[in-house]
Each structure stands twice: as structure tokens, then as C-alpha cells.
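Colleague: this is a predicted model, with the sequence first.
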Number of protein chains: 2
Amino acid sequence: MSKVKVSTFSISLDGFGAGIKQDMTDPLGVKGEELHSWILPTKRFQMMGRKDGGTEGTDNDFVEQGLDNIGAWIMGRNMFGPVRGAWPDDEWKGWWGEDPPYHVPVFVLTHHARKPVTMKGGTTFYFVTDGIEAALEAARKAANGKDIRIGGGASTVRQYLQAGYIDELHLAVAPVFLDAGEHLFSGMDMAALGYNDVQVVAGENATHLVIRKGGKG
Amino acid sequence: MSKVKVSTFSISLDGFGAGIKQDMTDPLGVKGEELHSWILPTKRFQMMGRKDGGTEGTDNDFVEQGLDNIGAWIMGRNMFGPVRGAWPDDEWKGWWGEDPPYHVPVFVLTHHARKPVTMKGGTTFYFVTDGIEAALEAARKAANGKDIRIGGGASTVRQYLQAGYIDELHLAVAPVFLDAGEHLFSGMDMAALGYNDVQVVAGENATHLVIRKGGKG
């Protein structure tokens, strides 16, 4: 059975998954880039940008694990791009250029229908307008037994957590305060939802939490 | 100049400093004890209970550092005890028996006046009714150049943080979710308050954050 997982999801010490005021020049919001500064030097991340070098170690291992055995992605519309409301045209095709680093079907949650967009390298963006369950069902079919990775943002992760669909959640806690933004845990009853199995692993530039269902409630 | 510091303050993964429904049998609230389970096996904590043995290592080092060079304590009334409203009599003298583990003057924030209570071993509880600044001033005099430690609960720490008085904050993040309780960071602008110098240290049973003013904002 394929697992549904969140991986390499960065949060601040005060629990925010992205900063405020997201826009074209600041896709992660104010100070949101600092959340991700741990990932940039890693070998696997450098490789995604077709660069050699980069660091090995715990942080890099987590980036690799997050990309291992993934058959489909699901992401919120705000992770896909800055366009809001109805799609004005087909111009926007994600932040990642012609050959996005997914290489599998990606299901984008949106309220506005749009035809699939096929990119180079095996990535196709499908736009799902009938909710998180429908997206998950489509992703399961597409994944063909492999795992499904839920990308961001915080609101997408929160919806799947609250509905109980996530088997494994890897968070990277960056040593910064954001003060404001999209909070991951606020109003979320993680223990009540059964997520009581927590491992903590110190990385080079972030502290990693691996959270699963089970454990003592 | 003496420092004002918070030490060994445990929070959950979702940022709560104590659970809900604090009462006589559950002074830290529901599941609040789990927050502190990292501290119980440490050598220094065992020593406070006059027991031999206990673990050495990172967790224990933090407990020791938190007790080093302290000349006075400040705590909220709820840390001192479960009595609410006006003091009915002088019977309640804290959770800690005849010889509390402070051995210095302890200033208890309360809205209800009460005469000081002198205990064995150098601990005297003073009840401060005119606010956090007055308590800090009294603690500075009493500390006589040594450091001042702000105890709990979360609300006391939040007040001193927000007023900018805390020089150093050591938090121990326990690998549990509490879901509800007293939130330490909610609505608190830590970065804006200047707390941008953060060190993360992995302990045996908790992840330690040492937060100071300075660093990049």
C-alpha cells in the first residue's frame, strides 16, 4: 500500500510554514527563504538544480528520503504559483521552468478548472477542483503503488492532516522565528489525531521531526 | 550586570508550555508531565530530590546551567500553587515542602497581598502585587549581582519577553504534542523583539534552544 507523506517541510521555531505577503518576488513570504536555508547547501538539492557538489550528512539524507519512491505529488495552488482567482491564460506553468523537479504527475488543488499541463521530464500538472479526497484518489491511481507526497503550503498539509490521510510527516525546524505567516499546528489536535510517534534527529542546519501515527496518546 | 534568564523551560512540539486543566493533582495540566519527562532522569534533578545517580550528558548540563549563579527567582502565582483569588490563610507554602530547591529569595507575582514566607535552606517567598517591573526591581536588589531566573508559567515568561527584559531563554522542546494549553509564542513577535540569535542543541530526551537578543533580524 502506498504511503501518503509530507517531507522536507520547513517550519520556524514558532511554528510557521511560510511567511506573510507571498508574491512573485517572494514566493515563500517575508523571511520565508530563511526557513529553507538549511536545504540549499545539500548535495541532493544542488543536484536538482543540476549542480555538482553540496553537503552530505543528515540534512541531505532527509532531502533524499523525501524524493525516494514518490509516484505522485499533491500541492496547493499557492505552491504552484502566485496567480489567484480564475486562470487568465495558460501562461503560468509553475516556478520550476520547463523541466520541473517532480518527474511524475502533480495534482494541484484549485477552485478554478484548467487543462493539464505536460512539461518535460515526466512532470504533468493536473488541476483538481473537487477537493482533497478527489486529488488523493487521482494521485493514488497515478502513483501505481508508489508513495504520494503532499507538498505545501501549510494550508494543504493542515487539510490532509485534519482528515487523517497523512501517514508520515517530516518537518525540518529551522532555527528562526517568523512571528507571522501560515501556522502549521495552530488549532490542530495532533495528539488527538493520533500523531504520537515522534522522532527527533539533529541535522547540520535544521532539527528534523519525523511524525507518524501510533505511539502513546 | 546580572542577567535575566529563563532556563529549562519545557515546551511541546506545538509550542505549549503547560497543558489544560491545571489542578492540585495535575499541576502542569493534562499531559503536562510529559513535557518534563526529559528532566526527571538527569543527575542534577535527582540531586534536587536528594537522590544519588541519574544521567549525565547534554540534558543534565542544561539543568545545571539553569541553576548556576542564580541570585533570585521570579515566578507566576500558578507555578507557586493551585490557590486562586485571595489567600484564605498562610497554609499553602508552595509545591516543594519545607526546604524548597531555590535557596534564594523567590518573588511570586500575584494580585493578592501576603506576608513573606521564610522556608528552610535560604528560600523566602515574597508576594509582589505591583507588577512585573516591581518584581524585577526587587529581584535585582536581592540577587546582588547574580542572575535572575524567571520561572513559569508561560504567561509570566510571555510578559517578561514582551517587555524586553529577558536576556537569555533556554527552552527544552519535548517530542510530544499537547494540542492545547498555554502557548508560549502565539501572538508573540520574537524576531521583532530582537530574539534572533538561536542555538539548537540536541539532548538525549529533548531538543534545547538557547535564544538571545541579537543575530540577524
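Modeller: Nice, I can see it.

Colleague: show me what the lengthiest helix in chain A is in contact with.
Modeller: As assigned by DSSP state H, the longest helix anywhere in chain A is helix A:131-143. With contact meaning C-beta atoms under 8 Å, 6 or more residues apart in numbering or on different chains, helix A:131-143 is reached by A:2, A:4, A:70-74, A:104-105, A:107, A:109, A:126, A:128, A:148, A:156, A:159-160, A:163, A:165. C-beta: built from backbone N, CA, C; applies to glycine.

Colleague: isn't A:D59 right up against A:L40?
Modeller: No: in this structure, A:D59 is not within contact of A:L40 by C-beta atoms under 8 Å, at 9.9 Å.

Colleague: how many other residues sit next to A:R50?
Modeller: When counting by other C-beta atoms under 10 Å in any protein chain shown, one arrives at 8 neighbours for A:R50.

Colleague: tell me the contacts of the residue lying closest to A:M79 once chain neighbours are set aside?
Modeller: Once its chain neighbours are removed from consideration, A:M79 has its nearest residue in A:G152; the separation is 4.6 Å (C-beta to C-beta, 6 or more residues apart in numbering or on different chains). Taking C-beta under 8 Å, 6+ apart as the definition of contact, the neighbours of A:G152 are A:9, A:17-18, A:75-76, A:78-79.

Colleague: one step back: A:D59 and A:L40: who's more crowded?
Modeller: Taking neighbours as other C-beta under 10 Å, A:D59 and A:L40 compare with A:D59 leading, 26 against 14.

Colleague: residues in contact with the more buried one?
Modeller: Residues in contact with A:D59 (C-beta under 8 Å, 6+ apart) are A:38-39, A:41-42, A:172, A:203-206, A:208.

Colleague: same question for A:G214.
Modeller: Neighbour list for A:G214: A:194, A:196-197 [criterion: C-beta under 8 Å, 6+ apart].

Colleague: can you rerun that using 6 Å?
Modeller: Contacts of A:G214 were listed using C-beta atoms under 6 Å, 6 or more residues apart in numbering or on different chains, and they are A:D197.

Colleague: after the helix or strand of chain A with the lowest mean pLDDT, next one along is what?
Modeller: Taking mean pLDDT, DSSP states H and E as the measure, the helices and strands of chain A show their lowest mean at helix A:32-35, namely a mean of 80. Stepping forward along the backbone from helix A:32-35, the first helix or strand reached (DSSP states H and E) is helix A:43-48.

Colleague: and A:R84, which of the three is it?
Modeller: coil (DSSP: H, G, I helix; E, B strand; the rest coil).

Colleague: count the residues that sit near it.
Modeller: Neighbours of A:R84 using other C-beta under 10 Å come to 10.

Colleague: now A:G215
Modeller: Using other C-beta under 10 Å, the number of residues around A:G215 comes to 16.
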